[in-house]
Every structure is written in C-alpha cells, then in structure tokens.
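**Q** mind looking at a prediction? Sequence and model below.
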Amino acid sequence: MADCKQCGTAFEVTDEDLEFYEKVSPVFNGEKYLIPPPTHCPQCRQQRRIAWRNERALYKRKCDKTGKEIVSCFPQDSMYTVYCQEAFWADDWDPRDYGKDFDFNRPFFDQFNELIKAVPQIALLNMKTENSEYCHRIYDGRNNYMSIIALYAPENLMHTYYTMHCKDCTDTAFNQYSELCYEAVDTEHCYQCFYGLRLNNCKDCYFCEDCTGCSNCFGCKNLHQQKYCIFNQQKTKEEYDVFLKSCSFESYLFIQKTMDEAHQFFLEHPHRSNVLIDASNVTGGNVYHCRDSKELYDWYESERMTYCALGEKSHDCMDVYGMGVGEFCLESVTNMYVNHLLFCSSTANSSDLSYCYESSTDTANCFGCVCMKKGKYCILNKQYSKEEYEALLPKIIEHMKSNSEWGEFFPVEYSPMAYNESVAQDYFPLTKEEAENRNWRWRNEKDEIPKVEKTIPAVQLPDSIDDVPDDILNWAIECELTTRPFLIVKQELEFYRKMKLPIPHLHPDERYKKRMGLRNPRKLWGRTCDKCRKDIKTTYSPERP
C-alpha cells in the first residue's frame, strides 16, 4: 500500500499495475526508461487529469489571427493566443516556429507551461458541422445548439451531453441511437422517451427508470418487454390511452409533481448494484460490451482497461479519460485514434507521444510538444533528427527524475483553464478558497447581461406551453434556483411546442447538474446485497437507501 501524495489516502498498486507500467515504459537505444509507480491515488490522478479538460465553459471572443467573432473555450481576457478553427488548421503557420531548446537548469513543467502560453491554441473542437457553432467536441453534425460531445452525425440536438448517433433530442445526457427524447439520461436505442433514466430499446415512455424493451409505459421501474403499464401496473391499451390523455404534459407543475411521485415509487423497488451490460470480468459502472477491466466507467466495447472513464473501442490502457480508439496509453486525457501515449492531453491521430498537449494529425515520436501538426521527432516543438531525438530524450528523462517530474501528469496549476471551468469541478467540486489554497486558478463567473426587452423570474412563466407567447424569445428568464439569466432560442421553443413540453425554469447549467445528479458516482463501495446478503462492490454508497 502507498499513501497518496495529495490526499493522504492509502491506495494499492497491484502487480498487474506495475506490469503495465513496465510494458508502456519507453525504450531508447535498447534501454528501457521505467515509469515509476504512481504517487497519487486513482481518484486524485483522475482529478489532476480532468482539470486539463474544459467541456462546457464557452465564451464569445475574437480570433487572435483573423479578428472575427467566434465561440471559444478560452475567454477574451485569456492569457493564451487563440485561433479560430480555420486559422488554426491553415498551413500558413507552423507550431515548430515556437520551438525551444531544453534548459537543463530548469524543471520541465515550467518550460512546458511557457510553451503553452506561446503557441496559438484552437478555439474549440467543432469539426465538419453546419449551423452548430455553439457546440464543443462535436463532429459531423448539423443544426445543433449548446451540445457537448456529440458524435456520429448528431442532428437537431440542444443542451445535450455525450450523445452518439442521436437526433432531435434536448436536455439529455449519455444517450446513444436515440431520437426525440427529452430530459433522458443513459438511454440506448430509444424513441420519444421523456424524463427517463437508464432505458434501453424503449419507445413512448414517460418517467421510467431501468426499463428494457418497453413501450407506452408511465412511471415504471425495472420492467422488461412490457407495454401499457402505469407505475408497474398492467393496463389495457384503452385504459392506458385514457390515462395518458388525462396527463397535462404541457404543464410545468404537473411535470414537477409527477417526477416527485415517480422518485418515491422508484425508492420502493430494487436498484441494480452496477450497470454492467455484456461485461465479463469487469468492475465499475455504466460499462457496455467490455471485458477484463478494473474501475471502468462510462465505457463501451473495450478490454483490459484500468481506472478509465468516458470512452470507447480501446484496449490496454490505464488512467485515461475521454478516449476513442486507443491502445497502450497511460495517464492521458481527451484522445482519439491514438497509440502509446504517456501523460498527454488532447491528442488525435497520433502515436508514441509523451507529455504532449493538443497535438494531432499524424504526429509521432514527440515529447513536450504543444499544438503539433504532422510532427515527428520534436521536443518542446523544436525539430530534431531521429538520432538527435533518441540521444537527447534519455537525458531529459533523467533530468525529470531528479525533479520528481517523470511519471507525473501535468500539474493542475499549469492547466490552460481555471479549475471551475474544467470537468474536475463536476466530479471533485471545490470552493474558490479551496482551489486557490492549492494554487489552482479560479475564474470568477461573469454572466453577460442579455440585451432583451424584459427579464422575468422563472416562477412567473406561464405554466403551460400553450400559453407561452412568441415574445418569450425576447425575454431573459431568471433561473428559479440561482437567478442566473438564460434565454430560449427559436429552435428550443419550436421543440417544446412540438412535443407539448413546458418551458424549463432552471438555467441550462443547473439542468445539466440535475441530470448528472441522477447518475451514480464513478466510485465503488463495499456493501451487502439486500437480497442474498453477499458482499458486493457497488456504485451506491452505504448511506444511500
């Protein structure tokens, strides 16, 4: 057992963990440079990694190259140089122009931090999209608004998080192959499901949880292949239709009352200890079609993964977050189509990188590089020959060992985003004082005052969508919970009217927090099964009912 350098918690480093560290340790001129065992526990390692990932903090600003107005995850007053996507990917500038000689009189991380501040950063990740400029980490989508991590041809999405193969959905999270869903979390192959949680292959369901293959169900829990059920009670089609017509789905008060009733009903029924679907020899939660993995969360179609979260189609990785199609990676965050990454952030289509940030497009065999494109054998963005690279890098590793840097991920204090702009704030929330006491940056939130005709408290909104005027598009609505103002855009209003749904009373950030609060933590606890009395590992803490 070892004690975490950050929180002091005792944690285990297994023989299998050490074998993996040895397997991915780099080799130069026939000599392997071993990566030392971790000094932080798995939770603190994850916190440190995801403090380097901004998903939802978006700002209006100007491109530092073209001067045009853009949407960016860097605010206008950021210390970093920021290029719009067209300018960033243009061939008229080269990241190697910012290359630096390695200074053996200074720590590596200090030199790397200076390089990040010098090299232009991409405003946000938004590729091959149409009418989707207010989205981040989106690819090949059209007509989307404020959707984060939307992949595989997303269309007509609004305020969604982590969707794949979805269209016409609003206020959802962790959805796949779903359409016309609203306030739905963890759905797969669903159609017209509303206010649902963990639904698979369901259609026309309302306020349901943990149901599979169901249709025309209301307020149901743990049902399989059922239809026309109300709070788990079987009804005829005629009875169900009469009941459904009596429901005022267009009323905000009706929705709130029904959600409370459904929640109380769900507490009376068993809850699955973990969501592990087609998962063999796996521990963790929300894992689908995986095998031989430990502490794996929100992951699909992978094998031999350890302490990983949010990804798919990968194998043989440890301590990674946000990955698609990767192998033999260690302590990295936000990577796609990668091989053999060590301590990297935000890389794509790359291999054999160590301590690189925002490097992509066939980049390989680079160390300590920033925003590298089609680079090979570069250190701190400076070009070397293969022979020079392989001669210099072992010396740098030895230098990092002397400063206790080798084997550690980038420090949180050097992250390009403030702590409360990063994903770390979602899973490891801190106050401003707590963050600043650790020397981690904090950004004071400054909501832009909307230029509107009037501002209205959410509680004064019409209860029914039928009574909402077109003029609401010119109103600022004060969040019922925080009073933060938010707007309704035309695309949203059309969706609410089409689906007969009331106007939300909470700011989009609060709605996101509420949805994420429905999901279990990415953590396992020891507990006793309430049926068979066996000891189990579960994502439900012992204090929860």
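**A** Great, that's in hand.
**Q** what domains does the record give for this protein?
**A** Partitioning the chain according to automatic domain parsing yields domains covering residues 171-272, 454-505.
**Q** okay, the ones you listed, which one's buried deepest?
**A** domain 171-272 (a mean of 19; mean count of other Cβ atoms under 10 Å). The way it works is simple: take the backbone N, C-alpha and C, and place the C-beta from them, glycine included.
**Q** what bits of the protein have low per-residue confidence?
**A** Within the chain, the segments meeting pLDDT under 70 span 545.
**Q** and residue 513, backbone torsions?
**A** phi -60, psi -40 (degrees, to the nearest 10).
**Q** is it correct that residue 452 is in contact with residue 474?
**A** Yes: contact criterion Cβ atoms under 8 Å: residue 452 and residue 474 qualify, at 5.4 Å.
**Q** thought residue 132 was touching residue 142?
**A** Yes: counting by Cβ under 8 Å, residue 142 is a contact partner of residue 132 at 6.4 Å.
**Q** which one's more surrounded, these two?
**A** When neighbours are counted by other Cβ atoms under 10 Å, residue 132 and residue 142 differ, and residue 132 comes out ahead with 23 against 15.
**Q** leaving aside the residues adjacent along the chain, what's closest to that one?
**A** Excluding the flanking residues, the one nearest residue 132 by Cβ to Cβ, 6 or more residues apart in numbering is residue 144, at 4.1 Å.
**Q** the one you found: how many residues sit nearby?
**A** Neighbour tally, residue 144, other Cβ under 10 Å: 29.
**Q** run the chain-centre distance for stretch 326-336.
**A** 15 Å (Cα atoms, centre = their mean, to the nearest Å).
**Q** quick one: contacts of that stretch?
**A** If you take Cβ atoms under 8 Å, 6 or more residues apart in numbering as the criterion, stretch 326-336 is touched by 20-21, 23-24, 35, 45, 49-50, 52-53, 311, 314-325, 337-349, 409.
**Q** rerun that using 6 Å as the cut-off
**A** 24, 49, 52-53, 314-324, 338-348, 409 (Cβ atoms under 6 Å, 6 or more residues apart in numbering).
**Q** next: stretch 204-212.
**A** Contacts of stretch 204-212 (Cβ under 6 Å, 6+ apart): 192-200, 202, 214-224, 258, 262, 266.
**Q** run the chain-centre distance for it.
**A** 24 Å.
**Q** ranges for the strands of the stretch 101-250 of the chain?
**A** Secondary structure of the stretch 101-250 of the chain (DSSP state E, counting those that start in this stretch): strands located at 121-122, 126-127, 136-139, 148-151, 161-164, 173-176, 185-188, 191-194, 197-200, 203-206, 209-212, 215-218, 227-230, 233-234.
**Q** distance to residue 531 added to the ones you listed, as JSON lines?
**A** Formatted as JSON lines, those follow (distance: least, Cβ to Cβ, whole Å):
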{"stretch": "strand 121-122", "distance to residue 531": "51"}
{"stretch": "strand 126-127", "distance to residue 531": "48"}
{"stretch": "strand 136-139", "distance to residue 531": "41"}
{"stretch": "strand 148-151", "distance to residue 531": "36"}
{"stretch": "strand 161-164", "distance to residue 531": "32"}
{"stretch": "strand 173-176", "distance to residue 531": "27"}
{"stretch": "strand 185-188", "distance to residue 531": "23"}
{"stretch": "strand 191-194", "distance to residue 531": "28"}
{"stretch": "strand 197-200", "distance to residue 531": "19"}
{"stretch": "strand 203-206", "distance to residue 531": "26"}
{"stretch": "strand 209-212", "distance to residue 531": "16"}
{"stretch": "strand 215-218", "distance to residue 531": "24"}
{"stretch": "strand 227-230", "distance to residue 531": "23"}
{"stretch": "strand 233-234", "distance to residue 531": "23"}
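**Q** taking the contacts of stretch 326-336 one by one, which sit in strands?
**A** 315-324, 338-342, 345-348 (DSSP state E).
**Q** what sits against residue 307?
**A** 42, 295, 318-319.
**Q** those residues, buried ones only, as a ChimeraX selection?
**A** Of the contacts of residue 307, the buried ones can be selected in ChimeraX as follows, counting by 16 or more other Cβ atoms under 10 Å:
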select :42,295,318,319
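**Q** and of the contacts of residue 307, the nearest to residue 127?
**A** residue 319 (26.6 Å; Cβ to Cβ).
**Q** now that closest one: how far from residue 226?
**A** 41 Å (Cβ to Cβ, to the nearest Å).
**Q** then residue 297?
**A** For residue 297, the distance to residue 226 (Cβ to Cβ) stands at 29 Å.
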